[in-house]
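> take a look and give me a structure for this.
(chains A and B)
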Amino acid sequence: MEKIEIKIEREIFKALKNTDVIKLIGNNLLKVEKTLQADREVFLLEKKKKLEEKLKEIEGELEELKVFYQKAIEDKKLMLTFREKLREENEELKKELEEKKREISNKT
Amino acid sequence: MKLVIKPKKGFGKIEVEIPQELVEKIVKLSEHYRVTEEKILEIAISENFKEPKGDLKALENSVEELKKKVGILEKEWAPLRYKAYGVSEDNKLLAIELSGLLAENSQLKRFLRKKIDGNLELRKLIQYYLH
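Got it, this is the predicted structure:
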């Protein structure tokens, strides 16, 4: 990069006129690094908080989903059994009804 | 690299030539922390410094760990949701079919003058999946 332009507060600019800017930058680079670390720390703490909230939410949902899935599987088994039983029973009842109808028509 | 410093309000400017050695340090910081070189120079000149409060490396690790955990759970959650939805849809269809079979059963028993069962457990299941 050939040229960089920055804008700073007027008061700081005024004070800078009698300062060795290069020396100031060189001396302050370590503190700049600490400042950048502090900014990253704030960013990471916020990210960590959001991730913890998301984790808690997913854990809760996952638990609910597992319970729901388990119940659905058991219900399915139960309903299949009921269906089989009802189908057979209804077939028997239909035969019985047919038999009765035949008896009635034979009598008449 | 030439640095031009201007006040936010008012006139005037300061121009300095930053030595290559210092430029390299600035570029390295800029790349490592993913901030612009202007930002680094602004902080250095404004002397508006801050100090991190804790162990940044440990914090980075803990965020990475959390990301992994969330990723693993999300991978588990999506297919389970799909499967649960599938079984629940099967159960809805079964509930419709069972409702018809129950009605038929009651009608047949009525014709045959037989006792009609309550089938409470089954009726509850049907209600659950049809509503």
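> name the element the most centrally placed residue in chain B belongs to?
Against the mean C-alpha coordinate of chain B, by C-alpha atoms, centre = their mean, the closest residue is B:Val70 at 7.8 Å. For B:Val70, the host element (DSSP states H and E) is helix B:56-111.
> which strands and helices sit next to that helix?
helix A:21-107, helix B:120-130 (3 or more C-beta pairs under 8 Å, 6 or more residues apart in numbering or on different chains; DSSP states H and E). The C-beta positions use only the backbone N, C-alpha and C, and glycine is treated the same way.
> could you dump these to JSON lines with mean neighbour count?
Shown next, in JSON lines, are these (neighbours: other C-beta atoms under 10 Å in any protein chain shown):
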{"stretch": "helix A:21-107", "mean neighbour count": "14"}
{"stretch": "helix B:120-130", "mean neighbour count": "15"}
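> need those helices in CSV with mean pLDDT and distance to B:Lys50, can you?
Below are those laid out as CSV (pLDDT from 0 to 100; distance: least, C-beta to C-beta, whole Å):
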stretch, mean pLDDT, distance to B:Lys50
helix A:21-107, 95, 4
helix B:120-130, 92, 58
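> can you redo these as TSV with distance to B:Trp77?
Conversion of the helices and strands packed on helix B:56-111 to TSV gives the following (distance: least, C-beta to C-beta, whole Å):
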stretch	distance to B:Trp77
helix A:21-107	5
helix B:120-130	23
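> wait, which of the ones you listed is closest to B:Glu37?
With C-beta to C-beta as the criterion, B:Glu37 lies closest to helix A:21-107 of these, at 11.0 Å.
> domain assignment for chain B?
Residue ranges for each domain of chain B read B:2-46, B:71-130, as given by automatic domain parsing.
> what bits of chain B have low per-residue confidence?
Judged against pLDDT under 70, chain B has no low-scoring part.
> in chain B, which strand is the longest?
The residue-count maximum for a strand in chain B (DSSP state E) belongs to strand B:2-7.
> sheet-wise, list the partners of it with their directions.
strand A:3-8 (parallel), strand B:14-17 (antiparallel) (DSSP bridges).
> the very next helix or strand once past the shortest one close to chain A?
Translated: strand B:14-17. Counting by DSSP H and E, the next helix or strand C-terminal to strand B:14-17 is helix B:20-33. Yes - judged by C-beta under 8 Å from any C-beta of the partner chain, helix B:20-33 comes into contact with chain A at B:Leu22, B:Lys25, B:Ile26, B:Leu29, B:Tyr33.
> which non-adjacent residue is nearest the last one?
Put plainly, it is B:Tyr33. Distance criterion C-beta to C-beta, 6 or more residues apart in numbering or on different chains; nearest residue to B:Tyr33, sequence neighbours excluded, is A:Leu36 at 4.2 Å.
> ok, the most centrally placed residue in chain A to chain B distance?
In chain A, the centroid-proximal residue (C-alpha atoms, centre = their mean) is A:Ile58; its distance is 4.9 Å. Going from A:Ile58 to chain B by C-beta to the nearest C-beta, to the nearest Å gives 5 Å.
> mind listing what that residue touches?
For A:Ile58, the contacting residues are B:Val70, B:Leu73, B:Glu74, B:Trp77, by C-beta atoms under 8 Å, 6 or more residues apart in numbering or on different chains.
> do A:Lys34 as well
Neighbours of A:Lys34 in contact, by C-beta under 8 Å, 6+ apart: B:Phe49, B:Lys50, B:Glu51, B:Pro52.
> what about stretch B:114-122, near chain A?
Yes - part of stretch B:114-122 sits near chain A under the criterion C-beta under 8 Å from any C-beta, namely B:Lys114, B:Glu121, B:Leu122.
> and of the residues you listed, the nearest to B:Ala103?
For these, the nearest to B:Ala103 is B:Leu122 (12.1 Å; C-beta to C-beta).
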